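*Asks:* Build me a model:
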Amino acid sequence: MPYEFLPAAPPETRLRLWPHRSLSQRGFVWFIGTTAALIGVPLVAVLGSPVVWALLPFLVGTIWAIWFALRKNGRDRDIVEDLILSPDQITLSRHGPKGKRQDWQANPYWLRITLHPTGGPVPNYLTLRAEAREVELGAFLSEDERIALCHDLERRLAAMR
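*Replies:* This is a model prediction of the structure:
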């Protein structure tokens, strides 16, 4: 699961969420290298002729486009959500791409965890609501992970109250 409950002081519970990262740095290097080698194989047939110079810019451009798209996807996945549950206050901090940070705080007494099976931007949309404000939690998780997270949070919140 791309979330875990971290050790914290006894009355406090910390939760960290992050999106799936299926391609590691090493996997990225292997993928780009293999792609470049496979794209370069057809060049062997035309080595020594002027056709190489006509094809080479397109092949290099293709490899650069793949590299750029994978790097952008990796940067866009640099999202971390930290939820701190304590008897006095609930704090949610979302660290998004490009260093963007959003914070939300609420009184745990008024906190309601809601799982919206339909009607949200994603199926089984998970939200936290307190007072007049509602925030999403773990929109990047899969449907099953959001359901499991909802049950885990409800259980921990009930134990804390």
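*Asks:* Mind listing the strands the lowest-mean-pLDDT helix or strand in the chain pairs with, and their directions?
*Replies:* In the chain, no helix or strand scores lower on mean pLDDT, DSSP states H and E than strand 3-6, which sits at a mean of 86. Strand pairing for strand 3-6, using DSSP bridges, gives strand 13-17 (antiparallel).
*Asks:* Can I get the least confident helix or strand of the chain in PDB? Just the C-alpha atoms.
*Replies:* The C-alpha atoms that make up strand 3-6 are tabulated as PDB, following Å, rounded to 0.1, in the frame of the first residue of the first chain:
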ATOM      1  CA  TYR A   3       0.500   4.700   2.700                       C
ATOM      2  CA  GLU A   4       1.800   3.900   6.100                       C
ATOM      3  CA  PHE A   5       1.200   4.900   9.700                       C
ATOM      4  CA  LEU A   6       4.400   6.200  11.200                       C
END
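*Asks:* Can you tell me what sits against it?
*Replies:* Contacts with strand 3-6, where a contact means Cβ atoms under 8 Å, 6 or more residues apart in numbering, come from 13, 14, 15, 16, 17, 18, 138, 141, 145, 149, 152, 156. C-beta here means a position set from N, CA and C on the backbone, and glycine is covered the same way.
*Asks:* Next one: the fifth one from residue 25, what distance?
*Replies:* Separation of residue 17 from residue 25 (Cβ to Cβ, to the nearest Å): 21 Å.
*Asks:* and those two? which has more neighbours close in?
*Replies:* Neighbours were tallied for residue 17 and for residue 25 using other Cβ atoms under 10 Å; the higher tally belongs to residue 17 (22 against 9).
*Asks:* rewinding a little: could you flag which of the contacts of strand 3-6 are buried?
*Replies:* Burial by neighbour count, judged by 16 or more other Cβ atoms under 10 Å, picks out 13, 14, 15, 17, 18, 138, 141, 145, 149 from the contacts of strand 3-6.
*Asks:* Residues in contact with stretch 111-127: which ones?
*Replies:* 90, 128-130, 134-139, 141, 143, 146-147, 149-150, 153-154, 157.
*Asks:* which residue ranges form the strands in the chain?
*Replies:* 3-6, 13-17, 80-85, 90-95, 101-106, 112-116, 125-130, 133-136 (DSSP state E).
*Asks:* Report the angle between the second one and strand 80-85.
*Replies:* Which is strand 13-17. Angle, strand 13-17 to strand 80-85, by axes from the mean of the first three to the mean of the last three Cα atoms, to 10 degrees: 160 degrees.
*Asks:* for the chain, which spans come out with low pLDDT?
*Replies:* 1, 161 (pLDDT under 70).
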